[in-house]
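Student: let me see the structure of the following:
(3 chains)
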Amino acid sequence: MAGIPLSHGLLVAVVLFALGLVGVLARRNLVFMLMSIEIMLNAAGLAFIAGGARWAQPDGQIMFILVLTLAAAEVSVGLALILALYHRLETLDADAADKLKG
Amino acid sequence: MLALLWLTPALPLLGFVILFATAGRLPASAVAAVGVGSVGLSAVIALIITASFLTTPPEGDFYRQVLWRWIAIGSFNPEVAFRLDPLSLVMMLVITFVGFLIHLYSSEFMAGDEGYSRFFASMNLFVAAMLILVLADDLLLLYAGWEGVGLCSYLLIGFWYRDPANGAAARKAFIVTRIGDTAMVVGLILLFTRLGTLAIPELMERAPQAWPAGSATATAAAALLLGGALGKSAQIPLQTWLPDAMAGPTPVSALIHAATMVTAGVYLIARTHVLFELAPAIQLAVAAIGAATLLLAAFSALNQHDFKRILAYSTISQIGYMFLALGAGAWTAAIFHFMTHAFFKALLFLAAGAVMMCIGDEHDIFRMGGLWRRLPLAFASFLIGAASLAALPLVTAGFYSKDMILWGAWTSGRGGPALWAAGLIGALVTAIYIFRAVFVVFFGEMQIAARSRYGWRIAVPLGVLSVLALGGGFVETPAALGHVEAFSRLLEAVLPTQREVAAAPATQATVMAIASFAALAGVFIAYLVYLRRVRAATILDTSAVQRLHRFWLAGWGFDWLYDRVLVRPFLWFAQLNRDDAVDAVYDGVAFSSRVSHAYLSRTQTGRVRWYAGWLVAGSLAAIAIAVFA
Amino acid sequence: MMLASLIIIPALGAILAWRSERLHPDAPRWIALGALAAALAVTVAVWMHGQDGPWLAETNWSWIPQLGIAFRLGLDGLSLLLILLTLALGILAVAASWTEIAERTGLFHLTLLLTLAGVVGVFLALDLFLFFFFWELMLVPMYFIIAVWGHEERIGAAIKFFIFTQGSGLLMLIAILAIALVHLQATGRLTFDYFELMGMALGPDVSLFIMLGFFVAFAVKLPAFPFHPWLPDAHTQAPTAGSVILAGVLLKTGAYGLLRFVVPLFPDAAMRFAPIAMLLGAIGVLYGAVLAFAQNDVKRLVADSSISHMGFVLLGIFAWNALALKGVVVQMIAHGISTGALFIIVGLLQERIHTRDLRLMGGLSAQLPRLSMIGLFFAIATLGLPGLGNFVGEFLVLLGSFDANPPLTIVAAAGLVAAVIYALTLVQRAFHGELRRSSSAPDLCLREMAVMAVMMILILWLGVRPQPLLDTVSPALLNLQKLDASHAALTEHQP
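Tutor: Residues are numbered from 1 along each chain as shown, chains lettered A, B, ... in the order given. Okay, here's the model as predicted:
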């Protein structure tokens, strides 16, 4: 199949991952951080798909399904935690939640 | 009858056990009965044994009684066994008999003291330990008695424990003698390792076979034993404890620090004389130490104010004489002097105790004076004791024993005349210092109220010891004076007689005359200086003499020296290391983990984004290493 | 079965004592006494009716055969004496802390008896894994004894004790595993059996390292200089019974380990290491004595004196000849009794004057004559007076060590002087001088006198007639020495 070359797929994945990472590190709003993590997960998923397509193996797609479920679980748990945190701290600032400081 | 031997130490020991177990709940009369009675019975048994021993001497002139095997490990099997031979017989007799007299004296002297029972318990234990020491057939058992008497000495010096000074004196005595004892332990170990036994007869048999005279091992062994003897007998350099030991009750000073315990070193050397003969260098050292000690202590005695300290230095000095005799090879003379010294020195202490008791426990002789009229008995006994100590010729026991020592020194091969001269100067100073005490205390102006209040229990021991201090010397007299040799013939079986020296009886008589003259001269000088107060005596008040006086008063500065060299560095180190330097190392480990904890816990900021950042950095670093390395 | 019961009886007693507290506050004490007395009776029975030969009784049950671990116990003269000491001191410790421990008596006796059960197990185990198991078993309850019923700074002391012992225990575990693995490589069989491991030939380096693992573990327990700093803290802060058991018994497990395992398993390595070990012993003798002298806390003084006494033990073990080894055994027993007694005396003193600070004491002879007299007695015992047990031990150790290493023996002998200094200082500062602080309670009562009288008689008996004890331990020591007959370089005083 004369499709998109692997390098292109991986490049997009890397860009997406970097965007997500910068989002996690730079944003202080917990919801945005959660979204950024989703982006990173999907970037990883994209890399799997690209790899699976390149080698014509189903493994990549299987892994992507795993990532999807993981992401779904993560979002549900993460949102619940964010809600609980918001009730307690009245803010969505991640840096305000540093009670575990050593 | 000899089989009763074990009872002599066992009875006082039983007395101790009874008094210890009842712990002061017995009435005073019962305590006295147990305390005095046990030693009295022991003395009676000692007399019976002596009679039996002399009338029907056992085979080989010794009797051995094995009680039980103490330890048996391979070839190391010391027994708890007693050995009665003429030497231990003499020692046993003196210890039990003088011990009994002093116990009797104490039963009155110590009356009313709250520690009455404790006193007799310790005294009984002492007599038992001392008897074990002299009767022991084995050096290990001898050492047991040796330490036992040291313990009793400690207990009794510190008897009046409320005063910390007494406790300090007691500890000093124990620690200083223990230094010597430790040398002795090492000596015992060396002897066993090389000769394979600690039984005294076997040791004395094997030593000459194993070692040639002057061999290094023999010298080392003799030196180590000498260390023990120096400590116990208060000879240079371990003499400093004895003057302080006078902190104990006076009967204790009489029994332990004059008559018996302090002569244990003399006994030890006499007992192991074979070893010392194998080590001529050490034997010479014994003589030299004896000579030095007798002079040093005599000069110190001359300068003391304290009644008992005069006698203490005198004891050191007289034991110096015994060491001199031992070193000169005059073994019998040493033991003879031990016996007469036990009589007259016990007498001196008891008389001094009686005096001080009657004048309200005053110790400074310059606050006494003119007491002879008030306290005639004490005066008479003290005078007899002093005469015997000063070796006034012909009538006193001290004269015969000291003469024997001086003659032994004169005829000994090594440095004879020098040793003799030291002994002679010592004799002169001895007469001066003891008659200084006599004149200052009993003559001159009366300065203190005295009330004679001693009963028969004090009077009888004083009387009996007076007789002995005068007559005890007639068992051995020199050639010029009757030539009685009962004592040396008795000891012949144990102690070798001195090499006969080809000296005319005339020489011996001359030597004796010189010594007699020295003694009389000493008395006369003391009379001039301390009673007549002749004008020449004002020289004593010049500053140079006063400085010397203070130096001698302080015992030649030994205490000062030891304090600087030994005591203070030890205290300094101990205090410095109180919190244990090694612990500081482990504390260092704990401290460093606490510090690193403080630093590392700062990285735990609690901020999720911060963690994520490190996560990224770490992953990047890992990938970089994987890719580029 | 007999041997297992020696461990099971105290362990069962422990649980019973714990549960019985609700019945009556004193019930745990009586149960503890009963259990220990029963175990003591069993021990005596084994002593009287034991088999011939070095091993009086043995038990060998399968436990985890897959890993070559067996429940193997053996009792020889050495173990027997130490178990007798353990149980006797246990009884005395319970009796001595009758009034001192008022809270949670059930729990207290649970921990005490479990510790003792562990100690007995240590003295019996002949399987290295089982040995390690008991080694840990005795440690944990002791931690609680210190941490719960101790004095002012108990927590710190308990943690220090735990870290030292546990850290060194880890080294021992590694050493045990190492020797088992080396054996596995050599023979293809995994085993922790003492006798099987004994005969194995090891390379010089390997054996030295494994030996050091064991040595450090036991040296910490002993304790040998410079592994001693846990001891003063632990002994000082523990309650009286804890101190008695620590000093009297737990320290002996270190010496026992050296005797039973280090030298027989690694004879050559141990002999190469002997000069260093003896040096540590001699230093310990002096260092502990100097340390003891400077202390102001009586209990700390007594604790530091243990370092000094155990220095003699270390010296004697590595001299490894008949005289020194018997001296070591006597020294261990005598130290257990005399130091145990001193700790009890300090406990009694503290109950009466509510301080352990020597600067506040003095003159107690007048007010507590019996207590002071007994204190004096044991101070005298501790300084090694002939006629009392410690002297026999110290003298035999010195006598034996002189063969192996004269200079170090002389250094250690100087400890005899140092011992006098601290012992007499203790007597002076506590009992003599002017009365400083009055006692709030009368002199010793009958129960306390009985405890002390037993200990005095024991130490006296040990000093005057040590022979029965020496005869008991003799075959065991001969056996230990025979096990490493490979090195005949050592001097022997055998008949």
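
Student: quick one: stretch B:227-243 near chain C?
Tutor: No: against chain C, stretch B:227-243 shows no contacts by CB under 8 Å from any CB of the partner chain, the least distance being 10.5 Å. From N, CA and C alone the C-beta is placed, and that goes for glycine too.

Student: gap between that stretch and the chain center?
Tutor: The gap between where stretch B:227-243 is centred and where its chain is centred comes out at 7 Å by CA atoms, centre = their mean, to the nearest Å.

Student: model confidence for the residue nearest to B:Gly423 when sequence neighbours are not counted, exactly?
Tutor: Nearest non-adjacent residue to B:Gly423, counting by CB to CB, 6 or more residues apart in numbering or on different chains: B:Leu406, 4.9 Å away. B:Leu406 carries a pLDDT value of 86.

Student: might you report the residue contacts of B:Leu406?
Tutor: B:420, B:423-424, B:427, B:511-512, B:515 (CB atoms under 8 Å, 6 or more residues apart in numbering or on different chains).

Student: and of those residues, the nearest to C:Lys482?
Tutor: B:Gly423 (60.3 Å; CB to CB).

Student: in the helix or strand containing that closest one, what's buried?
Tutor: Using DSSP states H and E, B:Gly423 sits in helix B:416-442. Applying a neighbour-count criterion of 16 or more other CB atoms under 10 Å in any protein chain shown, one finds B:416, B:419-420, B:422-442 buried in helix B:416-442.

Student: before we move on, back to that, what's the closest of the contacts of B:Leu406 to chain A?
Tutor: Nearest to chain A, judged by CB to the nearest CB, of those is B:Gly423 at 85.3 Å.

Student: list the contacts of the closest one.
Tutor: So B:Gly423 contacts B:291, B:294, B:321, B:324, B:402, B:405-406, B:409 (CB under 8 Å, 6+ apart).

Student: reformat those residues as TSV; add secondary structure.
Tutor: Shown next, in TSV, are these (DSSP: H, G, I helix; E, B strand; the rest coil):
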residue	secondary structure
B:Ala291	helix
B:Leu294	helix
B:Tyr321	helix
B:Leu324	helix
B:Lys402	helix
B:Ile405	helix
B:Leu406	helix
B:Ala409	helix
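
Student: give me the helices and strands touching the longest helix seen in chain A, please.
Tutor: In chain A, assigned by DSSP state H, the helix with the most residues is helix A:59-89. In terms of contacts (3 or more CB pairs under 8 Å, 6 or more residues apart in numbering or on different chains; DSSP states H and E), helix A:59-89 is packed against helix A:30-55.

Student: other SSEs contacting the helix it packs on?
Tutor: helix A:6-26, helix A:59-89.

Student: which of the ones you listed sits most buried?
Tutor: helix A:6-26 (a mean of 16; mean count of other CB atoms under 10 Å in any protein chain shown).

Student: could you pull up the mean pLDDT of that helix?
Tutor: 91.

Student: pull the CA atoms of stretch C:136-154 into PDB?
Tutor: In PDB, the C-alpha atoms belonging to stretch C:136-154 read as follows (Å, rounded to 0.1, in the frame of the first residue of the first chain):
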ATOM      1  CA  GLU C 136      15.800 -12.700  65.200                       C
ATOM      2  CA  LEU C 137      13.100 -14.100  67.500                       C
ATOM      3  CA  MET C 138      15.000 -13.000  70.600                       C
ATOM      4  CA  LEU C 139      15.700  -9.600  69.100                       C
ATOM      5  CA  VAL C 140      12.200  -8.300  68.500                       C
ATOM      6  CA  PRO C 141      10.600  -8.800  71.900                       C
ATOM      7  CA  MET C 142      13.700  -7.300  73.500                       C
ATOM      8  CA  TYR C 143      13.100  -4.200  71.400                       C
ATOM      9  CA  PHE C 144       9.700  -3.900  72.900                       C
ATOM     10  CA  ILE C 145      10.900  -4.500  76.400                       C
ATOM     11  CA  ILE C 146      13.200  -1.500  76.100                       C
ATOM     12  CA  ALA C 147      10.900   0.700  74.100                       C
ATOM     13  CA  VAL C 148       7.800   0.200  76.200                       C
ATOM     14  CA  TRP C 149       8.900  -0.400  79.800                       C
ATOM     15  CA  GLY C 150      12.300   1.500  79.600                       C
ATOM     16  CA  HIS C 151      13.400   4.700  81.200                       C
ATOM     17  CA  GLU C 152      13.600   8.300  80.000                       C
ATOM     18  CA  GLU C 153      15.300   7.900  76.600                       C
ATOM     19  CA  ARG C 154      14.000   4.400  75.800                       C
END
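
Student: what sits up against it?
Tutor: By CB under 8 Å, 6+ apart, stretch C:136-154 touches C:101, C:103-104, C:107-108, C:110-112, C:114-119, C:121-122, C:155, C:157-159, C:161-162, C:165-166, C:169, C:233-234, C:236-239, C:241-242, C:245-246, C:250, C:253, C:356.

Student: which of the residues you listed fall in helices?
Tutor: Short answer: the contacts of stretch C:136-154 in helices (DSSP H) are C:107-108, C:110-112, C:114-119, C:121-122, C:155, C:157-159, C:161-162, C:165-166, C:169, C:233-234, C:236-237, C:241-242, C:245, C:253.

Student: now the buried members of the residues you listed.
Tutor: So, of these, C:107-108, C:110-112, C:114-119, C:121-122, C:157-159, C:161-162, C:165, C:169, C:233-234, C:236-237, C:241-242, C:245, C:253 end up buried under the neighbour-count rule (16+ other CB under 10 Å).

Student: pLDDT weak spots in the chain?
Tutor: Because you didn't say which chain, this covers chain A. A:1-2, A:102 (pLDDT under 70).

Student: not what I meant, chain B
Tutor: B:413-415, B:498-505, B:537.

Student: so B:Asp64 lies in a helix, does it not?
Tutor: Rather than Asp, residue B:64 is Arg. No: with three-state DSSP as the criterion, B:Arg64 is strand rather than part of a helix.

Student: how about it: what's its closest non-neighbour residue?
Tutor: B:Arg83 (5.2 Å).

Student: just want the phi and psi numbers for that neighbour.
Tutor: phi -130, psi 120 (degrees, to the nearest 10).

Student: my understanding was that it contacts B:Leu133; is that so?
Tutor: No: using CB atoms under 8 Å, B:Arg83 is not in contact with B:Leu133; the gap is 12.0 Å.

Student: who has more neighbours, these two?
Tutor: B:Leu133 (28 against 22; other CB atoms under 10 Å in any protein chain shown).

Student: wait, doesn't the more buried one sit right on B:Cys152?
Tutor: No: the criterion here is CB under 8 Å, and B:Leu133 misses it with B:Cys152 at 11.2 Å.

Student: tell me which stretches of the stretch 251-400 of chain B form helices.
Tutor: Ranges of helices within the stretch 251-400 of chain B are B:264-271, B:273-278, B:280-301, B:307-327, B:331-358, B:376-389, B:397-411, based on DSSP state H, counting those that start in this stretch.
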